[in-house]
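Undergrad: next comes the sequence, and after it the predicted model I'd like to discuss.
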Amino acid sequence: MSVFVALLRAVNVGGTGKLPMIELKAMCEASGFTDVKTYIASGNVVFRAAVDAIKVKAALEARLADYAGKPVGVIIRTPTEMAAVLATNPFPDGPGNRTVAIFLDGAPPPGALDDLKHRKSEVLALGSREIYVLYDDGMADSRLVIPAAKAGTARNMNTVAKLAGMAAALEG
């Protein structure tokens, strides 16, 4: 069985997409996933599955759509991929709560950083399937819009580190 990290998009953020983590855990278990563990209430879950990442994503998205009555995006990463996101963070000296990785299903498109809107002091860099952002002045007042990240989901480096550790521990 393989270990996966699932990151849900737009769950329990800003009053939208309410999903108790006990429900998310139950959906994962009903999909046949084992050793299911959630982390904070923003749609992070680590588990084992006997199927590949594509089938994991499809199963979770189907259950979430049934639950929410609308599509809920899911990004899947392996323990190795989560560790790599942390290790290749281009802003390692930035505060973990002000540096985020926006997880995407695929590689950022060419020119992904060319059409930003409302950029102030934010610093951005591209990863293999991520867009990294350092909010030097904090995120509270940022109005940054990254069109290439529309279907992605962001996690700060503190959360990435915790999920990478949880996934590595489960992988044993």
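TA: Great, that's in hand.
Undergrad: tally of neighbours for the nearest residue to A148 once chain neighbours are set aside?
TA: Leaving aside its sequence neighbours, A148 sits nearest to A112 (C-beta to C-beta, 6 or more residues apart in numbering; 3.8 Å). C-beta coordinates here come from the backbone N, C-alpha and C atoms, glycine included. By other C-beta atoms under 10 Å, 17 other residues sit near A112.
Undergrad: which pLDDT value belongs to A112?
TA: A112 carries a pLDDT value of 95.
Undergrad: secondary structure element for it?
TA: Assigned by DSSP states H and E, A112 belongs to no helix or strand.
Undergrad: hmm, it is touching L126, no?
TA: Yes: with contact defined as C-beta atoms under 8 Å, A112 counts as touching L126 (6.1 Å).
Undergrad: quick one: secondary structure of V46?
TA: Secondary structure assignment for V46 (DSSP: H, G, I helix; E, B strand; the rest coil): strand.
Undergrad: ok, it - contacts?
TA: Residues near V46 by C-beta atoms under 8 Å, 6 or more residues apart in numbering: 3-6, 35-39, 163, 166-167, 170.
Undergrad: nearest to G96 among the residues you listed?
TA: Set against G96, the nearest of the contacts of V46 by C-beta to C-beta is L163 (12.6 Å).
Undergrad: what sits against the nearest residue to that closest one once chain neighbours are set aside?
TA: Spatial nearest neighbour of L163, excluding adjacent residues (C-beta to C-beta, 6+ apart): V5 at 5.2 Å. By C-beta under 8 Å, 6+ apart, the residues touching V5 are N44, V45, V46, I76, R77, T78, P79, M82, L163, A164, M166, A167.
Undergrad: is there a quick ChimeraX command that grabs whichever of the residues you listed are buried?
TA: To isolate the buried ones among those in ChimeraX, judged by 16 or more other C-beta atoms under 10 Å, type:
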select :44,45,46,76,77,79,82,163,164,166,167
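Undergrad: of the contacts of V5, which belong to helices?
TA: Among these, the members falling in helices (DSSP state H) are P79, M82, L163, A164, M166, A167.
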